[in-house]
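# give me coordinates for this.
(2 chains)
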Amino acid sequence: MEPLTWGAIFFRIFMQLMPVWIALIVVFTLSITFKRKLGLYGKLFDSTIGMIGFGLVMFWVFAGVLGGPLDMIVTHDPLSQISGMKNKPPGTALRSPDEGQYAYFLLGGDNLARDVFSRVIKGAWIVVQIAPLATLFAFMVGITLGLPAGYYGGRLDTLLSFLANLILAFPVILLFYLLVTPEIVLTGIPNYMALFLFVFPLVFATILLNSRYHTQPKMRTPLLIGVVGGLGWLYLSLVSTNGAVVATPTYKIYGLPGFVDLFDIDPGILVVFVSVVFVNSPTVFRIVRGLALDIKTRDYVAAAQTRGEGPWYIMLWEILPNARGPLIVDFCLRIGYTTILLGTLGFFGLGLASESPDWGTTINSGRQLLRAFVHPAVVPAVALLTMVLGLNLLADGLREESLRD
Amino acid sequence: MGLFILRRLGVMILTALCLTFVVFWLTNLYPNLEKLAKTQGNFRMSDEAVESYLGKNGYLQPMPVKFGQWLGVLPGWTFEEDGVVTGKCFAIDTPQEERPSFCGVLQGDWGFSTVFKNEVGGIVAERLGLTGKLMFFVMLLMVPMALLIGVLAGMREGSKLDRSLSTFSIASTATPEYVSGVIFIAVFASSAGWKIFNGSATSAMDDATFANFTLPVVTIALYGMGYIARMTRASMTEVMTAQYIRTARLKGVSFSNIVLKHALRNALIAPFTVIMLQFPWLLNGVVIVETLFNYKGFGWVLVQAAGNNDIELLLAVSVVSVIVVLVTQLISDIGYVYLNPRIRIA
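This is a model prediction of the structure:
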């Protein structure tokens, strides 16, 4: 068969992405119709920049979700190699397509004769899974440590700030090269870090609820048992694999046994996740600390102190809600930054398996032959660029809208 | 001021010590040592052979002792087998009386690289020179461009010029080096695009030309530029709303004079700090770009040392990068105080 022209390629990609377009149209119509009732999210639809950013981000979110677990958009299996398609340009027809097989490689084949288009869509799912979650964990760590540092000040602040600056003074790439290696996975250090870092959401939720409801024990006790029990179960499932929290060749710490373990995480993904959270949390800590230092001088904090509220109530229910504007904006920016970090890890071939379809790894494998075959590296590069750009524009739109009132 | 600098220096040394100890600890974990032994010997070494190699080379001593030896506050290890004495501080053919007992960073001895089979000090100095050349051109391009964009965007907030320049700066901060580098090579140095520049900068190590050095320099500069430009813009818009600017306008001073003579000086205080704090980020960019363009500088050495667990080289690399980060932080703090008369530190 003849290779496709560029027009035909774009048309076919457009058709292939139809579920994404439909989802985007639904989201935008609903949001714009009800934008006055949706608070800050609704105000986003007053700014063009914000809408463009939101559109770009949601495009990749939908592409990731629909193409990843639901398997809708992709044309070929991202790992299967099809003979004769090595490094073929976009729009090349398959030599002998089987019954029901998509007859073209829409964006060409890579150096192992895999479909670039399908790999980019599958790669979006990896990014959409890891980046927001890792950022959320980093925020939990940063908030839980940053609020007391800013509020109490003194020795605690000096110590925590010193530790944060210590991590920040480390060149990120050096840290990745030291932490994200199979040898370090063997020593169990990532598991210990996971144990430490993943406990913060649990601590955060407990303090948050306790500080609010400790005066009403009848309500607090069942609430805390439910929340702590649920989160604790998730936490233990997250940190334990095959019935062990830490398993090295020489010793083993037992965790949740297999039959109550909800899910297992691949050790390669875990180490990537942990190191990204580790690198991000000191910056969040510094931002939260700065905001807490600023807000604790306000009158409503003094009022709460006079009322006799406890320090954690003031931190979590007086200071934190008033710091939400900058934190939401930074959250968007930080997801973008985390995406860049994940790409960096992939670019240096650290952590994720070499056949993984995530964008950084794909760019890395494509760059060897970049001077001859452009498409295997440029397609994921553009994907990463648009996603991070979308997040930045979204953050910019949010900042503008939140400053307006 | 003197006390402030002294205290900062103290914290700096403490930080550097902590960080090098972390690097030391991570590189000296047993699986890493095993990998080192196997790359130095052969990959099918038995566990006993690994053990004996590590023992002979002093790797099996307790961690604090090894760290002290590396620092040069404890005497270097010696190992005696069949009457032949080997040690950290001397080669086998050094005469008995010339053998020093201390050799560490404090004595100026950075150790021996197991990958490059050479003195670490020499390697790092040579590669730093190459990276210095790259950074010089990056700064030359990045700083003036970023300040220009920031000032132009910030002098009339909300204008068309502001909007387009701000979007450009957002786009540039959203493009990490490995993305812009790949796109630049694809467009300017591949068979599919125009072949204006070289896609590899290896030849630029000896002889940098416009063709082989432009792409790496632009790639690093672009990522840092957006951030500095946005900070400059923010500080410029703030200054432009100040009372003294309004007074100058009412006095009838021309707009270009207001921008150049009244606003600019005050608007440049904040970007100065930001430019200084960009150094650690540029280090990241350097590692990516040197890998992508195959320019064998400091970042390339970092990748080689880390990939092969070359302990002493890796330690030297991290000491250098940590010092760069801390010194730039110190300079930015001092500079901020110096430039801004409103801040006084006793």
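
# hmm, B:Pro271 and B:Gly150 touching each other?
Yes. Using CB atoms under 8 Å, B:Gly150 is in contact with B:Pro271, at 6.7 Å. C-beta: built from backbone N, CA, C; applies to glycine.

# if you count surrounding residues, which of these two has more?
Counting neighbours by other CB atoms under 10 Å in any protein chain shown for B:Gly150 and for B:Pro271 shows that B:Gly150 has the greater number, 30 against 25.

# chain neighbours aside, what residue packs nearest to the more buried one?
B:Thr232 (2.4 Å; CB to CB, 6 or more residues apart in numbering or on different chains).

# for the one you found, grab the count of nearby residues.
27.

# and if you look at B:Val239?
Counted with other CB under 10 Å, B:Val239 comes out at 22.

# buried residues in the helix or strand it falls within?
Using DSSP states H and E, B:Val239 sits in helix B:210-240. By neighbour count on 16 or more other CB atoms under 10 Å in any protein chain shown, the buried set for helix B:210-240 is B:212-237, B:239-240.

# coming back round to it: overlap in contacts, B:Gly150 and B:Pro271.
The contact sets of B:Gly150 and B:Pro271 overlap at B:228, B:231-232, B:235 (CB atoms under 8 Å, 6 or more residues apart in numbering or on different chains).

# a markdown table for these, including pLDDT and distance to A:Asp157?
Converted to a markdown table, those look like this (pLDDT from 0 to 100; distance: CB to CB, whole Å):
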| residue | pLDDT | distance to A:Asp157 |
| --- | --- | --- |
| B:Ile228 | 89 | 29 |
| B:Met231 | 88 | 26 |
| B:Thr232 | 89 | 31 |
| B:Ser235 | 88 | 27 |
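
# neighbours of the residue nearest to A:Val57 when sequence neighbours are not counted, how many?
Distances taken as CB to CB, 6+ apart put A:Gly390 closest to A:Val57, at 4.1 Å, once the chain neighbours are dropped. A:Gly390 has 23 neighbouring residues, counting by other CB under 10 Å.

# now the strands for chain B?
B:78-81, B:84-87, B:112-113, B:118-119 (DSSP state E).

# now do the SS call for the closest residue to chain B within chain A.
Nearest residue of chain A to chain B (CB to the nearest CB) works out as A:Tyr177 at 3.4 Å. Here A:Tyr177 is recorded as helix under DSSP: H, G, I helix; E, B strand; the rest coil.

# what's the pLDDT at the most centrally placed residue in chain A?
Centroid-nearest residue in chain A: A:Ala131, 1.3 Å away (criterion: CA atoms, centre = their mean). Listed pLDDT for A:Ala131 reads 93.

# likewise for A:Leu56?
At A:Leu56, pLDDT is 94.

# next: A:Ile9.
On the pLDDT scale, A:Ile9 is placed at 88.

# got it, and B:Gly83?
pLDDT for B:Gly83: 68.

# please apply the same query to A:Val388.
Per-residue confidence (pLDDT) for A:Val388: 94.

# these two touch, right, the residue of chain A closest to chain B and B:Val303?
Yes. Here A:Tyr177 reaches B:Val303: they are 7.3 Å apart, a contact under CB under 8 Å.

# any common contacting residues for those two?
Taking CB under 8 Å, 6+ apart as the contact rule, A:Tyr177 and B:Val303 both touch A:Phe348.

# more neighbours: which of the two?
Ranked by neighbour count (other CB under 10 Å), A:Tyr177 and B:Val303 place A:Tyr177 first, with 22 against 18.

# let me see the contact set for the more buried one.
Neighbouring residues of A:Tyr177 by CB under 8 Å, 6+ apart: A:348, A:350, B:302-303, B:306-307.

# quick one on the thing from earlier: which strands and helices sit next to the helix holding B:Val239?
helix B:120-155, helix B:160-173, helix B:177-188, helix B:264-267, helix B:269-277, helix B:279-292 (3 or more CB pairs under 8 Å, 6 or more residues apart in numbering or on different chains; DSSP states H and E).

# could you dump these to TSV with mean pLDDT and distance to A:Leu17?
Listed next are the helices and strands packed on helix B:210-240 as TSV, based on pLDDT from 0 to 100; distance: least, CB to CB, whole Å:
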stretch	mean pLDDT	distance to A:Leu17
helix B:120-155	90	35
helix B:160-173	91	23
helix B:177-188	90	21
helix B:264-267	82	45
helix B:269-277	78	39
helix B:279-292	86	30
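
# re the thing from before, point out the least confident one among the contacts of A:Tyr177.
B:Gly307 (83).

# pLDDT value on the residue of chain A closest to chain B, please?
On pLDDT, A:Tyr177 comes in at 88.

# before we move on, what about the one 5 residues further on?
With respect to pLDDT, A:Pro182 scores 82.

# how many neighbours does it have?
Applying other CB under 10 Å, we find 13 residues neighbouring A:Pro182.
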